[in-house]
Structures are given as C-alpha cells and as structure tokens.
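> sequence and predicted structure, then a few things I'm wondering about:
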Amino acid sequence: MPELLTIVLATSNQGKLAELRALLADLPIRFCSAAEVLGEQPSIVENGETFEANALIKARAVARATGTLALADDSGLEVDALGGRPGVRSARFAHEHATDAENNAALLRELENVDERAARFRCVLALVSPWPASDELVAEGTCAGSIAREPRGSGGFGYDPLFLVSGHEGKAMAELSEQVKNGLSHRARAVRALRSALLKSLNDRLDEAERIAG
C-alpha cells in the first residue's frame, strides 16, 4: 500500500523509534526521525512537569521546525514507594546524561531496603500539526507492575530489565518477546488510543486525493 501521510517522530531514542514504527507498521504512513528531516536532532528543552507537557513541547517544536505532522512520546517509570519518581526524570534519574545501566543502578539503590515495590510505566503521545489552527491530540497508556531486585532479561531498553509485568508470571519486560511486549506495553496502549485520530488523518488525505483526481 502506498504511503499516504508523513509523520516525523520527535525523539532521538532509538528504542522508542523502533517500537513506534513497529506498532504503526500496518498503516500507510511514512515515519521518519527529526534528524532525518533536518540533518540533526533539534535541541529541545523538556522542562514540563508532566509527561503530557513534555510530549507537547517536543511535538510542537518538531512540527514547527519540519513543517510536518509530528508525533512525540514522553514516557517513564513511576514507583509508588518513591512518590511517583523517577517520573518525567526517568531518562536522567542517575544524572543528566545517564545511561540505562546507570539509571537502573540508581533505582535499585533507592529501593534497597524497600519491600513494597509497585510501579507502572506511563506513556503520553502527542500528535501536533504545523498549522496553528489545527487540533493537538494527546493519548495515554499505562502498564502496571513492580520493580525486581536485580536486572533480568536482555530485551527492550530503559527500565525494562527491572520492570516485572503484572499478570505475566513474574517476567520482566526485558524477558518478553517483542511481539508480546508490543501487545501490552504502555506505549502500545497509548498508540491504540491514538489510532482513531491517525485513521481520520489518513481518510482526510484520501478524500483530498480523490478531489484532486476528480
């Protein structure tokens, strides 16, 4: 099927890029990164206090810079015993330029003497058009679980090796196959919530093409 729509993904995280492309692979949409369009990843200050605020900051900036529909993801881990931290600071929990391994180690240190380890992954997607009068669409998804006492599995990225998924026999997200993860993850659930808006955009594009052809 020919691609009817181009959307720029407003993230430099290769794991997120791969997941979003896989989750939306059945739609006739061309997904590209901001770096592919602009030649470099734009510098965006993510200073929002919520996932939604940061997703909108990124999507608006990339939509303006590229003149194309932009889809941004802001997501992270919320641990009840830490009052919802690391939250919006999930990617820089250990320090500003932390690696996944450093963030995981910092989380384990914080929970070293904690027995109640309930947590959830949360993802907010924002779809923003470069045209000022257009709507901004936001969708959210969560995945419940708890924090393991040591990393497990070799798949995924971020906190996946520490996140034990509720209802999956104590398996960490990093131990699940890509197919299983893409059926239950917080990002998959947010994509499902946004899918109707993407389908409407595709139908609008088809209607426009038919008017031009007719």
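Everything's here; your move. Residues are numbered from 1 along each chain as shown.

> for stretch 26-45, how far is the first residue from the last?
One end of stretch 26-45 to the other measures 32 Å (CA to CA, to the nearest Å).

> and Glu40, how far is that from Pro132?
25 Å (CB to CB, to the nearest Å). In short, each C-beta sits where N, CA and C put it, glycine included.

> who has more neighbours, these two?
Glu40 (9 against 6; other CB atoms under 10 Å).

> doesn't the more buried one lie inside a helix?
No: according to DSSP: H, G, I helix; E, B strand; the rest coil, Glu40 belongs to no helix; its state is coil.

> just the helices in this structure please.
14-23, 34-38, 51-66, 100-110, 178-184, 186-213 (DSSP state H).

> hey, which of those helices is tucked in deepest?
Of the helices of the chain, the one with the most neighbours on average (mean count of other CB atoms under 10 Å) is helix 51-66, at a mean of 22.

> average pLDDT across it?
Across helix 51-66, pLDDT averages out at 94.

> counting by contacts, list what that helix packs against.
strand 5-9, helix 34-38, strand 70-79, strand 118-128, strand 136-147 (3 or more CB pairs under 8 Å, 6 or more residues apart in numbering; DSSP states H and E).

> direction included, what does the first one pair against?
Put plainly, it is strand 5-9. Strand 5-9 sits in its sheet next to strand 29-33 (parallel), strand 70-79 (parallel), going by DSSP bridges.

> could those strands go into a markdown table alongside mean neighbour count and distance to Ser146?
Output for the strands paired with strand 5-9, formatted as a markdown table (neighbours: other CB atoms under 10 Å; distance: least, CB to CB, whole Å):
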| stretch | mean neighbour count | distance to Ser146 |
| --- | --- | --- |
| strand 29-33 | 17 | 33 |
| strand 70-79 | 25 | 9 |
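
> from Val114, how far out is Ala81?
Separation of Ala81 from Val114 (CB to CB) stands at 5 Å.

> same thing with Ala65?
From Ala65 to Val114 the distance is 42 Å (CB to CB).

> likewise Ser33?
Taken as CB to CB, the span from Ser33 to Val114 is 38 Å.

> ok, Thr6 next?
From Thr6 to Val114 the distance is 46 Å (CB to CB).

> can you list contacts of stretch 195-204?
Leu4, Leu5, Leu24, Leu27, Pro28, Ile29, Leu69, Leu127, Leu137, Ala139 (CB atoms under 8 Å, 6 or more residues apart in numbering).

> confidence score at the spatially closest residue to His95 that is not a sequence neighbour?
Nearest non-adjacent residue to His95, counting by CB to CB, 6 or more residues apart in numbering: Glu102, 7.2 Å away. You'll see Glu102 listed with a pLDDT of 98.

> go ahead and confirm Glu102 touches Arg92.
No: Glu102 is not in contact with Arg92 according to CB atoms under 8 Å; the separation is 9.6 Å.

> what is the burial count for the spatially closest residue to Arg189 that is not a sequence neighbour?
Excluding its sequence neighbours, the residue lying closest to Arg189 (CB to CB, 6+ apart) is Gly141, at 2.8 Å. Gly141: 21 surrounding residues under other CB under 10 Å.
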